[in-house]
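Asks: predicted model and sequence follow; I will ask about them next.
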Amino acid sequence: MPSPSPSVFGELVRRCAGVDEVGRGALFGPVVAAAVVLPATAIAPLTSAGVTDSKKLSAVKRQQLATQIRQLADCGVGLASCYEIDRINILQASLLAMRRAVARLSVPPQKCLVDGNQRIPQLPMAQETVVKGDQSVLAIAAASIVAKVWRDELIIRLDSRYPGYDLASNKGYGSKNHLAGISQQGITRQHRKSFRSCQVETSLSV
């Protein structure tokens, strides 16, 4: 990951929150976003620790980094439920989760750096979109890790409540075992009914 000079990056991170979401392509569970404001003192240790796009890290490494990020930075997590996803569509639900994550920071940032190319509606501060920001902006990468670990832990907990879909392994995404579970058992209240793979004849009310 490119590393701007400490003086420049330090000025940015004192004012800005990195924002990212996970779970947008899943069939089950909420979409989850995180917002992270890094103090200048967190730059060097998190860079040295290997903070980068969560998709490039192992589950064990993500967990270690998420713990370190939470110790060093101000973090907020927000989500949008599967009901909201079905009602307003996955893009708008993702942006809603991002806005909620920003609102849960202990101190409102002056500016948000948002992963992707979609601005967050009704955000009460300045914002800038950054395509592939989780690969180039440390605070966004940190947010991607926090959101991914938070969501994965939630889905693992839900696996015991909704057996038969292999959720602990697939984290709610459309794996072969997950699709087989939908075919055999129908969908649950935590499945996204507006997604084509979830549109089956029967559903579970559990």
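Replies: Thanks, I have the structure now. Note that the coordinates shown come from a computational prediction; the quantities given were computed from them, not determined experimentally.
Asks: give me the pLDDT for R15.
Replies: pLDDT recorded at R15 is 72.
Asks: any idea how far it is from G133?
Replies: 16 Å (C-beta to C-beta, to the nearest Å). All C-beta atoms are positioned from the backbone trio N, CA, C, and that covers glycine.
Asks: which one's more surrounded, those two?
Replies: Just comparing R15 and G133: by other C-beta atoms under 10 Å the higher neighbour count belongs to G133, 24 against 12.
Asks: so the more buried one is in contact with D20, correct?
Replies: Yes. Counting by C-beta atoms under 8 Å, G133 does reach D20; the two are 7.2 Å apart.
Asks: in what helix or strand does the residue nearest to K171 when sequence neighbours are not counted lie?
Replies: Leaving aside its sequence neighbours, K171 sits nearest to I155 (C-beta to C-beta, 6 or more residues apart in numbering; 4.8 Å). Using DSSP states H and E, I155 sits within helix 138-159.
Asks: the next helix or strand after that helix - what's its average pLDDT?
Replies: Counting by DSSP H and E, the element after helix 138-159 in chain order, helix or strand, is helix 167-170. The average pLDDT for helix 167-170 rounds to 98.
Asks: off-centre distance for helix 167-170?
Replies: 17 Å (C-alpha atoms, centre = their mean, to the nearest Å).
Asks: how about the strands in the chain?
Replies: With DSSP state E as the criterion, the chain has strands at 16-22, 31-37, 74-80, 111-115, 126-130.
Asks: in stretch 30-48, what's buried?
Replies: Neighbour-count burial for stretch 30-48, counted by 16 or more other C-beta atoms under 10 Å, picks out 30-38, 42-43, 46.
Asks: with stretch 173-181 instead?
Replies: 174-175, 178-179, 181.
Asks: tell me which residues touch D115, please.
Replies: Contact analysis of D115 by C-beta atoms under 8 Å, 6 or more residues apart in numbering lists 18-21, 129-130, 132-134, 137, 140, 143-144.
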